[in-house]
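Engineer: Whatever this is, show me its structure:
(one chain, ligands or ions: 1)
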Amino acid sequence: MSECKTTWHILGAGSLGSLWAARLARAGVPVQLILRDAERLAAYRRAGGLTLVEKGQARQFPLDAQTATDPAPIQRLLLACKAYDAEQAIAGLAPRLADEAEVILLQNGLGSQDAVAARVPQARCILASSTEGAFREDAWRVVFAGHGHTWLGDPLDLTPPPWLAELERAGIVHDWSLDILGRLWRKLALNCAINPLTVLYDCRNGDLRQHPAELATLCDELAELLHTCGQPAAADGLHEEVQRVIQATAANYSSMHQDVAQGRRTEIAYLLGHACAAAQRHRLVLPHLTALHQRLLKHLGARGLPSH
Ligand code: NAP
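Structural biologist: Next comes the predicted model:
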């Protein structure tokens, strides 16, 4: 049972970080939040803890918190920031990571995971892909908006870690995946087919049903890319799944649409940007995907939002 006592250090008390922290703490697992700086730490302490709202019920968790400058070693770290913050965040914590530490990466898209792994060669990096949904209602207050599933995996070591039982007890519905990269690529491809178009047409997911030819062409190019990148399973039935997702989430605005509408930085560099960079590396010409990327970059630029 000794692994049950390992503290989960959780960097980023945002939507997903808070969702994990609250559920782990509720299950009796020791949790330590790592916040951005002394100012954020003071604000957190004034608030008295994190609040999770689930099924309309709010509960506050007065979890321990610190900043990256705390000297205590870290055995297990959940990196719960955005993809564009991940490399800098891990660089600040690398000296504290114990030999054979584990780092669990919750970032969407691809690209940030390799950048993080390169910074912490002493650690085992476990990648995650989640369909759970949460959002920040207020400072230190997160709403569990959509139950989902989390896949975890390690492309370099297929052995599941012993703490999956802790996630089970915490009610974090998950599976150990033997092909986590395939899952991340598939999710990236779905995102590339749907999210940029919802931004450019300023529409809900369901409205993309009015653009069937454009979607079909993008799915063809994405499938070609996945094959070239050695991910044929992720290409299988992509177009059909895109159509299913659009149907099932017809009334929703995509996460990228929400980010742009609220003037927030997007994770474009780790989604469509990553796809286009991979195509270029393989000298694969994907005109529609490239044009989509250019249109999206222009759209973001016109709104003062970064391209990376
Ligand atoms: P979020 O709500 O913006 O939270 C990110 C948190 O990271 C923020 O609290 C931010 O702190 C913190 N942070 C960034 N750099 C830091 C640093 N150096 N030190 C300490 N804290 C730092 O983001 P999210 O929605 O949880 O998303 C995290 C990842 O999960 C993204 O890649 C996202 O695509 C993915 N994801 C999210 C959901 C969802 O429903 N939210 C679902 C699936 C996947 P500040 O508050 O100080 O800015």
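Engineer: Would you tell me whether the strand or helix carrying residue 114 gets close to the ligand?
Structural biologist: Assigned by DSSP states H and E, residue 114 belongs to helix 112-119. No. Helix 112-119 is not in contact with the ligand by Cβ under 6 Å from any ligand atom; minimum separation 7.7 Å. For every residue, glycine as well, the C-beta is placed using N, CA and C.
Engineer: May I see the buried residues of that helix?
Structural biologist: In terms of neighbour count (16 or more other Cβ atoms under 10 Å), helix 112-119 has its buried residues at 112-113, 115-117, 119.
Engineer: just curious, which of these is nearest to the ligand?
Structural biologist: Nearest to the ligand among these, counting by Cβ to the nearest ligand atom, is residue 112 at 7.7 Å.
Engineer: So the closest one sits against residue 105, correct?
Structural biologist: Yes. Contact criterion Cβ atoms under 8 Å: residue 112 and residue 105 qualify, at 7.4 Å.
Engineer: Could you give the number of residues near the residue nearest to residue 191 when sequence neighbours are not counted?
Structural biologist: Once flanking residues are discounted, residue 191 sits nearest to residue 271: 5.0 Å by Cβ to Cβ, 6 or more residues apart in numbering. Other residues near residue 271 come to 26 when the count uses other Cβ atoms under 10 Å.
Engineer: Report pLDDT for residue 271.
Structural biologist: Reading off the confidence values, residue 271 has pLDDT 98.
Engineer: the helices in the stretch 51-200 of the chain, which residues?
Structural biologist: Counting by DSSP state H, counting those that start in this stretch, the stretch 51-200 of the chain has helices at residues 83-93, 112-119, 164-169, 180-200.
Engineer: Show residues contacting the second one.
Structural biologist: Meaning helix 112-119. 79, 83-84, 86-87, 90-91, 94, 103, 105, 107, 123, 125, 127, 184, 270 (Cβ atoms under 8 Å, 6 or more residues apart in numbering).
Engineer: In this structure, what residue comes closest to the ligand?
Structural biologist: Residue nearest to the ligand within the chain: residue 14 (1.7 Å; Cβ to the nearest ligand atom).
Engineer: And that residue, how far from residue 20?
Structural biologist: Relative to residue 20, residue 14 is positioned 11 Å away (Cβ to Cβ, to the nearest Å).
Engineer: Please say which of those two ends up with more neighbours.
Structural biologist: Per other Cβ under 10 Å, whichever of residue 14 and residue 20 has more neighbours is residue 20, with 27 against 17.
Engineer: for the helix or strand harbouring that one, which positions count as buried?
Structural biologist: Assigned by DSSP H and E, residue 20 falls within helix 15-26. Judged by neighbour count (16+ other Cβ under 10 Å), helix 15-26 contains these buried residues: 15-25.
Engineer: any idea what sits nearest residue 87, other than its immediate chain neighbours?
Structural biologist: Distance criterion Cβ to Cβ, 6+ apart; nearest residue to residue 87, sequence neighbours excluded, is residue 115 at 4.2 Å.
Engineer: now residue 27
Structural biologist: Spatial nearest neighbour of residue 27, excluding adjacent residues (Cβ to Cβ, 6+ apart): residue 170 at 3.9 Å.
Engineer: Spell out which residues of this protein are next to the ligand.
Structural biologist: With Cβ under 6 Å from any ligand atom as the criterion, the chain comes near the ligand at residues 11-17, 34-36, 40, 80-83, 85, 89, 106-108, 130, 132-134, 136, 267.
Engineer: which is the next helix or strand following the helix or strand hosting residue 279?
Structural biologist: Assessed by DSSP H and E, residue 279 sits inside helix 272-281. Per DSSP H and E, the first helix or strand lying C-terminal to helix 272-281 is helix 287-302.
Engineer: tell me the mean pLDDT for that following helix?
Structural biologist: For helix 287-302, the mean pLDDT works out to 98.
Engineer: repeat for stretch 210-227
Structural biologist: Stretch 210-227 shows a mean pLDDT of 98.
Engineer: residues in contact with it?
Structural biologist: With contacts defined as Cβ under 8 Å, 6+ apart, stretch 210-227 is touched by 185-186, 189, 192-193, 197, 201, 208, 232, 234-235, 238-239, 242-243, 246, 275, 278-279, 282, 284, 286-289, 292.
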